[in-house]
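A.B. asks: Test case, fold it:
(chains A, B and C)
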Amino acid sequence: MMKEYELTCIQCPIGCALTVTADGDNVAVSGNTCLRGAEYGRKEVLHPSRTVTSTVLTENGEIKRLSVKTKTDIPKEKIFEVMDVIRKTKVKAPVRIGDVVIENVCGTGVDVIATKSVEKR
Amino acid sequence: MTYHDLVIIGGGPAGLAAAVSAHEAGIEDILILERDERLGGILNQCIHNGFGLHTFKEELTGPEYADRYIKKVTDYKIPYKLKSIAADISAEREILYVNGEEGAVSVKAGAVILAMGCRERPRGALGLPGYRPAGIFTAGTAQRLMNIEGYSVGKKVFILGSGDIGLIMARRMTLEGAIVICVAELMPYSGGLNRNIVQCLNDFNIPLKLSHTVTKIHGKQRVTGITISEVDANRRPIKGTEEYYDCDTLLLSCGLLPENELSKSAGVTLDRVTGGPVVDDKLQTSVEGVFACGNVLHVHDLVDYVSEEAERAGRQAASFVKSGKENDKKYITLSVGSGVRYTVPQMIDVNNMNDSVTVRFRVSDVFRDKSVSVCYDDKCVIKRKKRILAPGEMEQIVIKKDTFGDSMPKTVKISVED
Amino acid sequence: MNEKYDVCIIGGGVVGCATARELSKYDLKVCVVEKEEDVCSGTSKANSAIVHAGFDAVPGTLKAKMNVRGAELIRQLSKTLDFPYRQNGSLVLCFDENGIPELNKLYERGIRNGVSGLSIISGDEARRLEPALSDKVVSALLAENAGIVCPFQMTIAFAENAASNGVTFRFLTEVTDIRSDGDGYVLSTNKGEINAKYVVNAAGLYSDKIHNAVADDKITVIPRRGEYVLLDREVGDLVSHTVFQLPTKYGKGVLVSPTVHGNLLVGPSADDIEDKEDTQTTASATASVKERALLSVPKVPYNKTITGFSGVRAHLETGDFIIGETKNGFFDAAGVESPGLTAAPAIGEYLTELIVNKCGASLKENYVKERRGIPQVAKLPQKERTELIKKNPKYGVIICRCENISEGEIVDAIHRTPGAVSLDGIKRRVRQGMGRCQAGFCTPAAIAILARELGIPEEQVTKNRPGSQQIKESL
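C.D. replies: Residues are numbered from 1 along each chain as shown, chains lettered A, B, ... in the order given. Sure thing, here's the model as predicted:
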């Protein structure tokens, strides 16, 4: 069955209004102004996903919280599951920006990485 | 008194980008003054992603975006002082700064770049009636308390104002287990980016109530609830539309104000609309050798645009330091036509201008299927169709020197037209 | 807690603290009990911050007497106790020729009350003094001796000076009952009993409750709320005098005044309310105050408003203060509303005289007369500022960027006696968070400093009284 979706693209701040028609895995996107937008429209109706950003406690760092993110987007329905793991995580300073903080979080195949560097206190 | 070719006030995104570009333009004797304990400014607490698509063609978080510039600053060995606050600037470009190690120190600068950023409009300035309990935070303060200090500031949250920081905090607090009841917005349109409404509100089923405001804050010690009302076309609350919500926290995301107290001490002329300095195409303020960029100049939606603007300020400050004297100035005024609130820059010095100038502006209302027009005196030279124009999204237009022709126009007017 | 004092003062507002300071000159064991977490937490913290010249009160009343003497004392004490005071003068504006007899009446009243520096001037003369005044001003009463003061710092200066002379302060202690025990009084509080030979009722809004627990005649305090609007220092010099309006048939006027810290203050409204703790601001009163002020100064730039607040005054129907020994050993300072801030040191002086005469206490030998305020580091000359920072680097770490307040000043505020135990306590002592961003930037740092200095978790730091925690928990 053919379905039509009106979406706002979240790939960049322009926020294009997308029209996505989907018939099973057969998806057509219009209204996008770039390729990322087309890919977003497709993904959003088939397997919506998001990047999760948060912080973890540092045990002996010069700052209390280390900011982290999922290295790429993860399935949208796993956001809270991933947050639960992030919330229980502690790291030991020093940490370099880009270091893996949690490997393959919740079996998504995506690592949680540091988005800041933290020196030892 | 020590001398530096260039002193940059602020080590946030604007100050860093300005320092990097000034260095690349050949100025080595730079000093960045940063009041916080780290470089990076507000980006350090903006842990969400969405930064850098224009500048780096990839999506970064705030700290990652800042890190790119901090790396360059350290690679170039550009000197900076942390926990050092500029307390005064004179028109002669003497700066007084204060820190715990040196005390109160005066330095003389060949050029100054103002990059102090902005502040949030507080509850008092909004005139929200009711009690004054704990639990009322501007969105940025709550963001700092959560992302830097590591504290939860509330469990049941109401947000007034749909500015981007408010939207980002709606998601952030939801992720940390708080219930975000609703976002209310005084205006009939959102102040934030569309993408943030989708990924911060819609994703978590947080309602957005347009044309609503808080008409009473309840709670003597800590917020216990708030009353909101619908507002009419003049933004006045409509009697009988009151709704009460139980909550322990009220976040305010009701606008940012460029922080120009220092600029005033230097005698810089400010624009009543932007709240920032009046600048020419070189981003030079009314005080010679004092430049401005970033949110201290006007509030931006995207840090990418801040960086781009700051790089321009850095280059211009560098050339000012190197050349000293410019040609006599001859100004064209950039004037705002219907539907346009302001432009930055506010004037172009045609005798010294580059081949083209990027003019940024904001519109005064939401417009659909209209055009942006640029007129030289009475002659319309550019007309660009726009599907949508909104006050929350900064627009820009490039003006090329060669389009002025032989008869220089007196004014360049930007308007929204049919 | 079961302690014995010579004098127990109920209420740590400006009257209680002024009285404590006067009493601390004598060989007496004095205690101040305060239901809030700090001094200056009720009416004293939210008012017009005016030192009235003294022409307003009816001659012969306590209000008149205490006002004139109080104004004189504040001038002297601002120096010995180091709190901000400025004699900026005041104007009462008259907008209608028909009002001139009323203006003359005020002048004559002032003369009878013993006020000097009074004169009636023309509208043009008034506008020469204050160019921002309305064209409609036809005449004005100029009072050169009127002034402005920091109500927080004045109260805190009294309290600190009293404490350094041995007065004890008991906070979060609410008097629930008072009974006579022959030799004096027993005060029941939420923290146990206190015995005192003499009791001073400086309980402000609750002075009726305390009075009625002891006295035979009963009084009723009517809580009267006044709302104010405070504007940015940027526009604080719009007027230099305190500008009042001559009361008209349209009501008692509102004032426009600079504050001693350079802001511009507009207000107050006057609404009788039920709940003594009802310090809400309302859209209607705020709007009315703002509009009425425009009669005096047509161009008040309300877009520079940084905050609005309200204070509740203790109004008595009789219209005058009740001050004196109401019952054997029980002294009232009840119904102290405007000009109460001005009158406070005179009330303290008068009550002290009564108590000392009664018990025959003698002056202390080691009485500390002077008190120095917390250094305002940003106002020091550059060299002195640097020297101070070299001694204590915390004076070089600016926490509040709007008001230029350093970490060192905040730490000082916490370690004074009585010291700040809440965010509002810091704010009232050193003005951190009083500026245009209204503590947006510095709240996290202030919470951290308070927690560190008091040795408590940040989650326990309060804005003011218990229950006003800003932080819920650690993530």
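A.B. asks: buried sites along stretch C:349-368?
C.D. replies: Residues of stretch C:349-368 classed as buried: C:349-352, C:355-356, C:361 (neighbour count, 16 or more other CB atoms under 10 Å in any protein chain shown). Every C-beta, even on glycine, is put in place using the N, C-alpha and C of the backbone.
A.B. asks: do stretch B:374-382 as well
C.D. replies: B:374-376, B:382.
A.B. asks: Take these and keep only those in strands.
C.D. replies: Counting by DSSP state E, those place B:374-376, B:382 in strands.
A.B. asks: among those residues, which two are most distant?
C.D. replies: Among these, the pair separated by the greatest distance (CB to CB) is B:Tyr376 and B:Ile382, at 9.4 Å.
A.B. asks: need the strands for the stretch 1-150 of chain B, in chain order.
C.D. replies: For the stretch 1-150 of chain B, the strands defined by DSSP state E, counting those that start in this stretch cover B:2-9, B:30-33, B:49-51, B:60-61, B:80-81, B:85-89, B:94-99, B:103-114, B:118-120, B:136-138.
A.B. asks: just to revisit the earlier point, just checking: which of the buried residues of stretch C:349-368 also lie near chain B?
C.D. replies: Filtering these for neighbours of chain B using CB under 8 Å from any CB of the partner chain leaves an empty set.
A.B. asks: Excluding chain neighbours, what is closest to A:Ser30?
C.D. replies: Using CB to CB, 6 or more residues apart in numbering or on different chains and skipping the chain neighbours, the partner closest in space to A:Ser30 is A:Thr19 (5.0 Å).
A.B. asks: Contacts only, for that neighbour.
C.D. replies: A:4-7, A:29-31 (CB atoms under 8 Å, 6 or more residues apart in numbering or on different chains).
A.B. asks: tell me which residues form a beta bridge with it?
C.D. replies: A:Glu6, A:Ser30 (DSSP bridges).
A.B. asks: and residue 119, how many neighbours?
C.D. replies: No chain specified, so I'll use chain A. 13 (other CB atoms under 10 Å in any protein chain shown).
A.B. asks: sorry, should have said chain B
C.D. replies: 22.
A.B. asks: Check the stretch 201-350 of chain B for the residue nearest chain A and tell me.
C.D. replies: B:Leu302 (5.6 Å; CB to the nearest CB).
A.B. asks: What's the local residue count around the nearest residue to that residue once chain neighbours are set aside?
C.D. replies: Closest residue in space to B:Leu302, ignoring its immediate chain neighbours: A:Pro13 at 5.6 Å, by CB to CB, 6+ apart. Applying other CB under 10 Å, we find 20 other residues in the vicinity of A:Pro13.
A.B. asks: same question, the one 3 residues further on
C.D. replies: Neighbour count of A:Cys16, defined by other CB under 10 Å: 23.
A.B. asks: got the residues of the stretch 301-418 of chain B near chain A?
C.D. replies: So the stretch 301-418 of chain B meets chain A at B:301-302, B:393 (CB under 8 Å from any CB).
A.B. asks: which residue packs closest to the closest residue to chain A within the stretch 101-250 of chain C, ignoring adjacent ones?
C.D. replies: Residue of the stretch 101-250 of chain C nearest chain A, by CB to the nearest CB: C:Leu172 (30.6 Å). Spatial nearest neighbour of C:Leu172, chain neighbours left out: C:Glu37 (5.7 Å); criterion: CB to CB, 6+ apart.
A.B. asks: Hmm, C:Phe171 and that neighbour touching each other?
C.D. replies: Yes: counting by CB atoms under 8 Å, C:Glu37 touches C:Phe171, with 5.3 Å between them.
A.B. asks: higher neighbour count, these two?
C.D. replies: Legend: neighbour count by other CB under 10 Å for C:Glu37 and C:Phe171, higher for C:Glu37 (21 against 18).
A.B. asks: would that one count as being in a strand?
C.D. replies: No: according to DSSP: H, G, I helix; E, B strand; the rest coil, C:Glu37 belongs to no strand; its state is coil.
A.B. asks: residues contacting it?
C.D. replies: C:Glu37 sits in contact with C:171-172, C:421-422, C:425, C:462, C:464-466, where contact means CB under 8 Å, 6+ apart.
A.B. asks: Most neighbours among those, please name it.
C.D. replies: C:Gly425 (27 neighbours).
A.B. asks: That one against C:Glu36, yeah?
C.D. replies: No: the pair C:Gly425 / C:Glu36 is not scored as a contact, 9.7 Å apart, by CB under 8 Å.
A.B. asks: can you pull the pLDDT of the residue nearest the centre of chain A?
C.D. replies: With distances taken as CA atoms, centre = their mean, chain A has A:Thr51 as the residue nearest its mean C-alpha position (0.9 Å). We have a pLDDT of 96 for A:Thr51.
A.B. asks: unless I'm mixing things up, it is touching A:Asp73, no?
C.D. replies: Yes: applying CB under 8 Å, one finds A:Thr51 in contact with A:Asp73, separated by 5.0 Å.
A.B. asks: mind listing the helices for chain C?
C.D. replies: For chain C, the helices defined by DSSP state H occupy C:14-23, C:62-80, C:100-113, C:123-129, C:151-164, C:207-214, C:283-296, C:340-359, C:382-391, C:407-415, C:423-430, C:443-454.
A.B. asks: buried stuff in the last one?
C.D. replies: Within helix C:443-454, the residues that qualify as buried by neighbour count (16+ other CB under 10 Å) are C:443-447, C:449-451, C:453-454.
A.B. asks: Just checking it against chain A, any contact.
C.D. replies: No: against chain A, helix C:443-454 shows no contacts by CB under 8 Å from any CB, the least distance being 10.2 Å.
A.B. asks: Tell me the helices and strands packed up against that helix.
C.D. replies: helix B:139-147, strand C:398-400, helix C:407-415, helix C:423-430 (3 or more CB pairs under 8 Å, 6 or more residues apart in numbering or on different chains; DSSP states H and E).
A.B. asks: Please convert those to TSV, extending it with mean pLDDT.
C.D. replies: Formatted as TSV, the helices and strands packed on helix C:443-454 follow (pLDDT from 0 to 100):
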stretch	mean pLDDT
helix B:139-147	97
strand C:398-400	96
helix C:407-415	98
helix C:423-430	98
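A.B. asks: Quick one: closest of the ones you listed to chain A.
C.D. replies: Using CB to the nearest CB, these put helix B:139-147 closest to chain A, at 5.8 Å.
A.B. asks: how about C:Gln438, what does it touch?
C.D. replies: With CB under 8 Å, 6+ apart, C:Gln438 has these contacts: B:122-125, C:306-307.
A.B. asks: what about the nearest residue to it once chain neighbours are set aside, neighbour count?
C.D. replies: Using CB to CB, 6+ apart and skipping the chain neighbours, the partner closest in space to C:Gln438 is B:Pro122 (3.7 Å). As a burial measure, B:Pro122 scores 24 neighbours (other CB under 10 Å).
A.B. asks: same check, this time on B:Glu261
C.D. replies: 18.
A.B. asks: show me what contacts the closest residue to it other than its chain neighbours?
C.D. replies: In space, and not counting its chain neighbours, B:Glu261 is closest to C:Cys402: 7.8 Å by CB to CB, 6+ apart. Residues in contact with C:Cys402 (CB under 8 Å, 6+ apart) are B:261, C:434-437, C:441.
A.B. asks: What's the separation between C:Val214 and C:Ile222?
C.D. replies: 20 Å (CB to CB, to the nearest Å).
A.B. asks: With C:Gln432 instead?
C.D. replies: 35 Å.
A.B. asks: more neighbours, these two?
C.D. replies: The residue with more neighbours, out of C:Gln432 and C:Ile222, is C:Gln432; 28 against 18, by other CB under 10 Å.
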